[in-house]
Structure formats: C-alpha cells, structure tokens
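J.: fold the following for me, if possible:
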Amino acid sequence: MQGGAAITAPGAAAQGGLDPAALLKPLGDSWPSYSGDYTGRRYSSLSQVNQSTVKNLTLAWTAHLGTSTGPTGFGGGRGGGASVPVIVGGEGTGEFAAPGNANVKGTILQIDGILYVTAPDHVWALDGHDGHELWHYFWKTRGGTHIGNRGAAIWHNSLFFETPDDYLVSLDARTGKERWHVEISSFAEQYFSTMAPLVVGDHLLVGTGNDLDAPGFLQSFDPDTGKLQWKFYTVPMNPGDPGVDTWPSLDAARHGGGQVWITGVYDPETKLYIFGTGNPTPGYTGASRKGDNLYTCSLVAVNVDTGKMAWYYQTSPHDTHDWDSAQTPILIDATIDGRARKLVSTAARNGFFFTVDRVTGEPVATAQYGTTTNWSLGLRKNGAPDPNPEKEATVAGSFVSPVEGGVTNWPPPAYSPDTGLFYVHELNGFNLVYLTEPDPRGSMGLGGKVVAPVGSHPSYLTAIDPKTAKIAWRHQFPGVNGASGQGGLLATAGRLVFGGDGGGNFVAFDATNGKALWHSRIGTISNAPQTYAIDGQQHVLVAVGDTLYAFALYTP
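T.: Below you'll find the predicted structure:
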C-alpha cells in the first residue's frame, strides 16, 4: 500500500477505554500491550506469587477457544444463559478458512478484567475471572500463510490486529464489532501479516512480512481512522539511499527482504521505536547479493513522529542462513564503569548477544551465547560477528551451527531489574546445509537448499548479564535437539521466571539461579506466559494451542 489507502467503514473518535498514556507506566495489574509495557522486559511488579508462595500455585480455570462461527452456546459453557455473539468480517468468500483448531502464539491482553486473545483470523474476548467467552470475531480470509498471530493492541476502546491476508482491523473492544479495516501490504506479492501492533500516543505501529523477494517496511497508522501516517523501508529503495552501497545493485536491495515480523520497544525520552529486522533475500544464495546487505538482520531505531531512522546496528552482516534479528529487544538502564547508560539488548537468532547504547546505537558488549555456534570468524571492531564464507550452504554441504531455526526465534525473552539478568531460551545443534540451486533466480526467498540435522545437543534456559554479555547461569532442559523451552518467558517481582521446558511442563524458575521451583504438566507451551491481578488476586496465564490455563494461589 502506498500513500492513503481505502478505508472501510470509518468510525467516530474513540473515547475512554485504555488511555495511551497508561502504556508509559510500569507493568502491574493489567497487561495492556505485546510486552506488557514499552521496555520489552516482560517483567511484572506483581509479587503475590513469589519464591515462597509459588508452591501453592494451582489451576484456577481453563478455557477452550472454539473456531466455530455458528452459535457458541452459553458463554463458552460458563456463566450465562445467552449465546456468545460471533461477529463476521473480512474480504474473503469463506472458502479459504484455515482448518483445524486455534493455536495461540501471541500475547493475551488483559485490561479491566477482560482478556483479548488472537489466532489467525480470530479474536476472542474472555472474562478474566473465569475465562468464559464474551464475544468472538471471525475474519473471512482471502488465504495466505496462517503461521501465527502475535497479538492485538488497544487504543481507548479500539482493538487492533493483523490478518494473514494483510489487513489491519479495528474492533470495538467492548462488543467486537468492526470499526474499519485497511490493507497494509500487497496480498498479490505474497506478503503475510502476523505482528502484534503497538500503540505509541496517536501512532499505531504495524509490521508485515514476506518470504520471497520483496522489501520489508514498518508503517504508522492513525488509530482513529486507519489513515497511513508514514512508511519506513528497511532496505534502500531509491538511488543514493543510505546503505545502498552494501548491496551489489539497487535492484538487489529493493528485493532484499528485511521484514518486520516482531513488535519492538519504545523509549519515550528519545521518541525512538527500536525493532529487529528480518533476513536478506534470497536467503541462501548469498553470492548474488555480496555485501553486508543493510538494514537486514539489524536493530533499527526510528523516530515515531517522523518515521526517519536515527541509528542502526547490524547483528548479522550478510546473513546466509535465515538467522534474522526479528527478536524482541529489551530496554535496560545500567551503570557501566561508573557511568549511567541507557541500553538496549537483544539475544539474536544467530547465537550472539548484543548490548548497544539505545540513544546512539554505539556498541557496548557482544558475546556468543549459543554453545555450539560456529559460523563466525570472530568479532569486527564494532562488535558485530564476521561471517565465515565457508559456512554458507554449498553443493558438498557445510557443517553449521546454529540450526536454521536459530539459537532463539520469535518467542520473547525477559529481563528482571531485580537480578539484572536477561533470560532467553538457548537451542543448540548442528546442520549439514546443502545448496541445491546455486542460481538465485531459482532459489528466491528461502529456497535452494536442503538441511540435515547432525548429532544431539542440550538446550537451556540461559541468563545473561547485559552489561557484559557474559553468561550468568544455564538451566539445562530435558531431552535434546528441539526439546528447548517454547513460547517465551515472563519475569516477576516475586523473583521468578516462568516458561515451558520443552517436555510438556510449565515451570517457575528461581530468577537468581535457574532452579525449578514449581511445575505443572499441561503440554507444549505455545505463547509467552503473562501475569495480571483481578480483585487483588494474581493470576499467571499461558496457552497450549487452543486452550488457556490460568493459575492462582490456593487459599484454603
């Protein structure tokens, strides 16, 4: 979409509801945005559930999310005599509806006791007291990749989410009725949209993605009307654009990827939105795009009012393994060498950890955290890893770590200001990567390669000191090769870290040393856990596919 887009059914200005200024406050009883607050820490100040009381944590309720668009009975089976309203929208005919059950892979918002849950083509509102359904919105899709949805955003009484077929939809958060929808990227060019939007004042920040050969971009929309405010491309698009000299040609840059998959973080002091960008394309035939390929695989800081880039830091120059940097960064304030520093840290998919100055982008600390990572020749002067050409995919095969999915991936990390530690899942392993199509015209996107896993390697919950990038401790997960934690992490003022262990357990870890203090075997965790308080009682919430599990302290 270029410039102003066609808006369907614009609504009146929203009033009341969630004031955008509330997102500037520390995370407490509610969970109002993707990471809870703008810092990306996924750290809650709630401490009712703590190292002493967590042994009494018990199941409060479960809720199954149905995808049926017919009458859904009595409030999902609880608390009422009226059927749950199902609101149907969308631009499709209904013939491309994604089959099967819902799979919750994103953040569940909690505001004023109401939970807002998303999956591709679906949004549900549930009562946070017991999980019964209040309304269900269904989007009739035109098709597209239904890999997941990372969550919604709220501005006053408007709720926003993206659809796989590239629409931004605004609903009335009270009723589920649609206010408007607007196309945010070209479905014909095979973009598909999964990111949780983020509200910053009167800006609604939206990302989208593409696995072929299209450019990545971040957009800002007016949350009231859906009108485009600005659009920032993550690769050079015009002659003379900064970074064009890191590509063999302008045409290569324009088809170079750098997609915006994951919600970033916001620093209100500088008005900078900081986010990670995706891999360059073609993904594996790097000979056709010699150079560092800016601004792919980078942390990028953009002014939210102007849409202009303030700084960048590239974490994977000339990536040739789909090790994008689309992980959630975290804002951290720390004292280094007696000087107060405003920092941003990220644990990248390529197995390296980075801390940079969030005002200037100046590197502060870099270190390898993936135990088996072997693709780099060492660090450049600016702390970025220097890629080893011998680790690119070859016809004969290259022995490479990490695996193509990365040491970490989309599941968000967490940070505790109490311990000063950054928590992330660490998946280790080796692949043999074979190049099957050297011609980039036949291997666009992520094609042209075959991957074969090699060996068995342990994985961990890993704690890192962001000031030094050094490992503080590791907690080994059961099993090997893929049996790492899933879904993401949560840190709390109770000095706990919550997450899945890859063995079907939901676990509370000691944030100081990684010791497991409590667990419940509920299945493979599919999203990052969250916590909120209703009527003075702290809940811990997590999803396993289409089922939500809410835990609270047992009080006899």
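J.: help me confirm that residue 181 is found in a strand?
T.: Yes. Counting by DSSP: H, G, I helix; E, B strand; the rest coil, residue 181 is located in a strand.
J.: for residue 122, see how far away the closest residue to residue 177 other than its chain neighbours is.
T.: Closest residue to residue 177 apart from its sequence neighbours, by CB to CB, 6 or more residues apart in numbering: residue 87 at 5.8 Å. To be clear about C-beta, it is placed using only N, CA and C from the backbone, and glycine gets the same treatment. As defined by CB to CB, to the nearest Å, residue 87 lies at a distance of 11 Å from residue 122.
J.: what helices or strands is the strand or helix carrying residue 134 leaning on?
T.: Assigned by DSSP states H and E, residue 134 falls within strand 133-140. Under the contact definition 3 or more CB pairs under 8 Å, 6 or more residues apart in numbering; DSSP states H and E, strand 133-140 sits against strand 86-90, strand 122-127, strand 167-172.
J.: a markdown table please, covering the ones you listed and showing mean neighbour count, distance to residue 320 and mean pLDDT.
T.: What follows is those, written out as a markdown table (neighbours: other CB atoms under 10 Å; distance: least, CB to CB, whole Å; pLDDT from 0 to 100):
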| stretch | mean neighbour count | distance to residue 320 | mean pLDDT |
| --- | --- | --- | --- |
| strand 86-90 | 17 | 38 | 95 |
| strand 122-127 | 24 | 36 | 98 |
| strand 167-172 | 24 | 33 | 98 |
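J.: in TSV, list the ones you listed along with distance to residue 184.
T.: Formatted as TSV, the helices and strands packed on strand 133-140 follow (distance: least, CB to CB, whole Å):
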stretch	distance to residue 184
strand 86-90	15
strand 122-127	17
strand 167-172	5
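J.: nearest to residue 503 among these would be which one?
T.: strand 122-127 (27.9 Å; CB to CB).
J.: helix or strand with the lowest mean pLDDT in the protein?
T.: Within the chain, no helix or strand scores below strand 449-454, which has a mean of 93 by mean pLDDT, DSSP states H and E.
J.: partner strands of whichever helix or strand comes after that one, with direction?
T.: Helices and strands here follow DSSP H and E; after strand 449-454, the next one along the chain is strand 460-465. Sheet pairing here is set by DSSP bridges, and for strand 460-465 it gives strand 421-426 (antiparallel), strand 470-476 (antiparallel).
J.: low-confidence ranges in the stretch 401-550 of the chain?
T.: Low-confidence segments of the stretch 401-550 of the chain (pLDDT under 70): 480-483.
J.: run through the stretch 51-200 of the chain and note the low-pLDDT ranges.
T.: Counting by pLDDT under 70, the ranges of the stretch 51-200 of the chain that qualify are 70-82, 97-99.
J.: re earlier: show me what secondary structure element comes after the strand holding residue 134.
T.: Using DSSP H and E, the next helix or strand after strand 133-140 towards the C-terminus is strand 153-155.
J.: who touches that next one?
T.: Here strand 153-155 makes contact (CB atoms under 8 Å, 6 or more residues apart in numbering) with 14, 17-18, 20, 32-34, 109, 111, 116, 159-161, 173, 196-199, 204, 223-224.
J.: buried ones among those?
T.: Buried members of those, scored by 16 or more other CB atoms under 10 Å, are 14, 17-18, 20, 32-34, 109, 111, 116, 159-161, 173, 196-199, 204, 223-224.
J.: what about residue 507, which helix or strand?
T.: Assigned by DSSP H and E, residue 507 belongs to strand 505-510.
J.: check the offset of that strand from the chain's centre.
T.: Centroid separation for strand 505-510 versus its chain: 21 Å, with CA atoms, centre = their mean, to the nearest Å.
J.: then stretch 495-509?
T.: 19 Å.
J.: go through that stretch and flag the buried ones.
T.: For stretch 495-509, the neighbour count (16+ other CB under 10 Å) marks 495-502, 504-509 as buried.
J.: return the member of the residues you listed nearest to residue 373.
T.: residue 502 (19.3 Å).
J.: look up how far residue 486 lies from that closest one.
T.: As judged by CB to CB, residue 502 and residue 486 stand 6 Å apart.
J.: list the contacts for the nearest residue to residue 173 once chain neighbours are set aside?
T.: Nearest residue to residue 173 in three dimensions, chain neighbours excluded: residue 159, at 4.2 Å (CB to CB, 6+ apart). By CB under 8 Å, 6+ apart, the contact set of residue 159 is 109, 116, 123, 152, 153, 170, 171, 172, 173.
J.: and of those, the nearest to residue 290?
T.: Ranked by distance to residue 290 (CB to CB), the contacts of residue 159 are led by residue 153 at 39.0 Å.
J.: beta partners for the closest one?
T.: For residue 153, the beta-bridge partners under DSSP bridges are residue 160.
J.: what count of nearby residues applies to the nearest residue to residue 255 once chain neighbours are set aside?
T.: Closest residue to residue 255 apart from its sequence neighbours, by CB to CB, 6+ apart: residue 213 at 4.2 Å. Neighbourhood size, residue 213 [other CB atoms under 10 Å]: 19.
J.: next: residue 363.
T.: As a burial measure, residue 363 scores 17 neighbours (other CB under 10 Å).
J.: chain neighbours aside, what residue packs nearest to it?
T.: Distances taken as CB to CB, 6+ apart place residue 383 nearest to residue 363, at 3.9 Å, with adjacent residues excluded.
J.: looking at it, that neighbour is touching residue 353, isn't it?
T.: No. At 10.4 Å, residue 383 and residue 353 do not qualify as touching, with contact defined as CB atoms under 8 Å.
J.: just the strands in the stretch 251-400 of the chain please.
T.: Taking DSSP state E, counting those that start in this stretch as the test, the strands found in the stretch 251-400 of the chain are 265-267, 272-276, 298-303, 309-314, 330-336, 339-347, 352-357, 363-368, 376-379, 385-387, 398-400.
J.: which stretch among these approaches residue 46 most closely?
T.: Nearest to residue 46 among the strands of the stretch 251-400 of the chain is strand 330-336; the distance by CB to CB comes to 18.9 Å.
J.: just give the closest residue to residue 51, not the sequence neighbours.
T.: Leaving aside its sequence neighbours, residue 51 sits nearest to residue 495 (CB to CB, 6+ apart; 5.4 Å).
J.: who are the contact partners of the one you found?
T.: Counted by CB under 8 Å, 6+ apart, residue 495 has contacts 50, 51, 416, 418, 419, 510, 511, 512.
J.: ok, how many other residues are close to residue 129?
T.: Using other CB under 10 Å, residue 129 has 18 neighbouring residues.
J.: doesn't it lie inside a strand?
T.: No. Secondary structure assignment (three-state DSSP) places residue 129 in coil, not in a strand.
J.: that one contacts residue 113, doesn't it?
T.: Yes. With contact defined as CB under 8 Å, residue 129 counts as touching residue 113 (6.6 Å).
J.: need the overlap of contacts for those two.
T.: residue 534.
J.: list the contacts for residue 129?
T.: By CB under 8 Å, 6+ apart, the contact set of residue 129 is 113, 534, 535.
J.: now secondary structure, distance to residue 181 and neighbour count too, for those, in a markdown table please.
T.: Shown next, in a markdown table, are the contacts of residue 129 (DSSP: H, G, I helix; E, B strand; the rest coil; distance: CB to CB, whole Å; neighbours: other CB atoms under 10 Å):
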| residue | secondary structure | distance to residue 181 | neighbour count |
| --- | --- | --- | --- |
| 113 | coil | 27 | 15 |
| 534 | strand | 31 | 21 |
| 535 | coil | 35 | 8 |
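J.: paired strands for the least confident helix or strand of the chain, with orientation please.
T.: Sheet pairing for strand 449-454, assigned by DSSP bridges, gives strand 430-435 (antiparallel).
J.: can you tell me what sits against the strand it pairs with?
T.: Against strand 430-435 from outside (CB under 8 Å, 6+ apart): 284-285, 321, 372, 374, 392-401, 403-404, 448-455, 457.
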